[in-house]
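1. need the 3D shape of this:
(one chain, ligands or ions: 2)
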Amino acid sequence: MGLAAQDRSMKILVTGGAGYIGSHTCLELLQAGHDVVVVDNLSNSHEESLRRVQALAGRKLEFHRLDLLDAPALRQVFAAHRLEAVLHFAGLKAVGESVTKPLAYYHNNLTGSIRLCELMHEFGVRHLVFSSSATVYGLAEKMPLTENMPLSATNPYGRTKLMIEEILRDLHVADPRWNIAILRYFNPVGAHPSGRIGEAPGGVPNNLFPYLAQVAVSQRPELAVFGNDYPTRDGTGVRDYLHVWDLAQAHVRAIEQFDEAFLRAGVADPYLVMNLGTGSGVTVRELVDAFQRVYGQPIPTVDAPPRPGDVVGACAGAERALRLLGWRAERPISTAIADALAWQQRCAEVLR
Ligand code: NAD
Ligand code: WQD
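-> Residues are numbered from 1 along each chain as shown. Ligands and ions are numbered 1, 2, ... in the order given. Predicted coordinates:
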């Protein structure tokens, strides 16, 4: 049986819960009354984030510093708790790094996910929400991107997401008792409005939003705009930027409404794929202008060649998440910018 509509707390395992999206989701889960157990190897995060999550929530969570590849350590966590569901965020996510270190990405992301599923099976835990990515739509040009579109990947990172989606589908076909929700995130951005948690990329940020925030607060001299003659409104790349807080709230809905979502889908099989995005695209230049409006300062930019592997545009068809979860992204880009700037100015340094 799936999880009924929840008016009771559940005990939820959050892999990668110290990370950017995981920490925001842990906060939402705690504030929704659920009990949270986090496993994270802190390879791209800090335990301080979890201390701040607990302070913000006014509630405790349980944290185990471990690697998903360490099956004995992970087994101890399953043995110690009657877990009811798993939110699986843990994984390496830098596209460029995945091209230079493919084996590290395949081992970490694929083997880690398989180890997790093996232990879920061993302990009879069969509710799983997986962090997938719009990157699985590959170079698709038709916008908006909808869940039934053909999938492909243009880099090892994207291929790990595609392969894990297939592994989970095969797992569900083999044993339909597995309730699986695959959530394809578009571009999560921003930070918690408290300024206490956010994205703490070590070194030079790969992604536009954190890089722009650092330019805005003069931590970096200028933004290089990768490509300015794409077939878009102003020649620069288009993306679907959604507030990480909206994204966190989608996970609480997904975990609390497993059954309802499947019933609404009219599917016998509880295996669902949903895009999580705003459904609106923003160009790089539009984002720069928005940052300038919110921050009130000019943002220096310089035109640069297109970045290899970049898609022209990616924008979510977000209707299914609305229909099945009753979820839509609520927060405007200006809120994400203000929250990202507050984070950048107040606390990011401490977590580096
Ligand atoms: P993040 O790097 O901040 O968080 C991932 C967390 O997983 C980190 O805390 C890291 O220490 C941990 N981790 C990695 N490998 C691990 C392992 N083997 N064992 C234990 N812990 C491990 O990344 P994020 O932005 O929060 O992304 C979370 C998930 O969402 C990832 O799977 C990512 O691929 C996916 N996603 C992210 C984006 C994005 O733009 N941020 C977009 C789409 C999908
Ligand atoms: C956005 C736009 C760039 C930096 C990446 C990953 C993807 C997913 C989300 C995990 C593009 C332009 C960027 C800069 C720029 N992560 N840009 N100057 O490329 O949509 O996706 O993050 O799943 O897998 O590939 O996001 O923020 O890197 O780029 O002009 O310094 O900003 O060309 O048009 P992207 P991004």
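
2. only C-alpha atoms for contact and neighbour calcs from this point on.
-> Noted.

3. flag the shaky bits of the stretch 51-200 of the chain, pLDDT-wise.
-> Residue ranges of the stretch 51-200 of the chain with pLDDT under 70: none are present.

4. run through the residues of it sitting next to ligand 1.
-> 66-69, 89-93, 108, 112, 131-133, 185-188 (CA under 6 Å from any ligand atom).

5. near ligand 2 too, which of the residues you listed?
-> Restricting these to those touching ligand 2 (CA under 6 Å from any ligand atom) yields Lys93, Ser133, Asn187.

6. tell me the pLDDT at Glu349?
-> Glu349 is assigned 61 on the pLDDT scale.

7. what's near enough to touch Phe186?
-> Ser133, Ala134, Arg239, Asp240, Tyr241, Leu242, Asn275, Leu276, Gly277, Ala314, Cys315, Ala316 (CA atoms under 8 Å, 6 or more residues apart in numbering).

8. now do the strands in the protein.
-> Using DSSP state E, the strands of the chain run over 11-15, 35-40, 62-65, 85-88, 127-133, 179-185, 187-189, 223-226, 238-239, 241-243, 271-276, 282-283, 301-304.

9. in JSON lines: the ones you listed, plus mean neighbour count.
-> Below are those laid out as JSON lines (neighbours: other CA atoms under 10 Å):
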{"stretch": "strand 11-15", "mean neighbour count": "23"}
{"stretch": "strand 35-40", "mean neighbour count": "23"}
{"stretch": "strand 62-65", "mean neighbour count": "15"}
{"stretch": "strand 85-88", "mean neighbour count": "23"}
{"stretch": "strand 127-133", "mean neighbour count": "23"}
{"stretch": "strand 179-185", "mean neighbour count": "24"}
{"stretch": "strand 187-189", "mean neighbour count": "24"}
{"stretch": "strand 223-226", "mean neighbour count": "18"}
{"stretch": "strand 238-239", "mean neighbour count": "23"}
{"stretch": "strand 241-243", "mean neighbour count": "26"}
{"stretch": "strand 271-276", "mean neighbour count": "24"}
{"stretch": "strand 282-283", "mean neighbour count": "20"}
{"stretch": "strand 301-304", "mean neighbour count": "12"}
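
10. those: which one's closest to Val204?
-> Among these, strand 223-226 comes nearest to Val204, with 11.9 Å by CA to CA.

11. bridged to the residue of the stretch 251-352 of the chain found nearest ligand 1, which residues?
-> Residue of the stretch 251-352 of the chain nearest ligand 1, by CA to the nearest ligand atom: Leu276 (9.4 Å). Assessed by DSSP bridges, Leu276 has beta-bridge partners Tyr185.

12. likewise for Ala316?
-> Leu145.

13. just to revisit the earlier point, dump the strands of the chain to TSV, plus distance to Ala153.
-> Converted to TSV, the strands of the chain look like this (distance: least, CA to CA, whole Å):
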stretch	distance to Ala153
strand 11-15	24
strand 35-40	26
strand 62-65	31
strand 85-88	20
strand 127-133	11
strand 179-185	14
strand 187-189	17
strand 223-226	21
strand 238-239	17
strand 241-243	20
strand 271-276	16
strand 282-283	22
strand 301-304	25
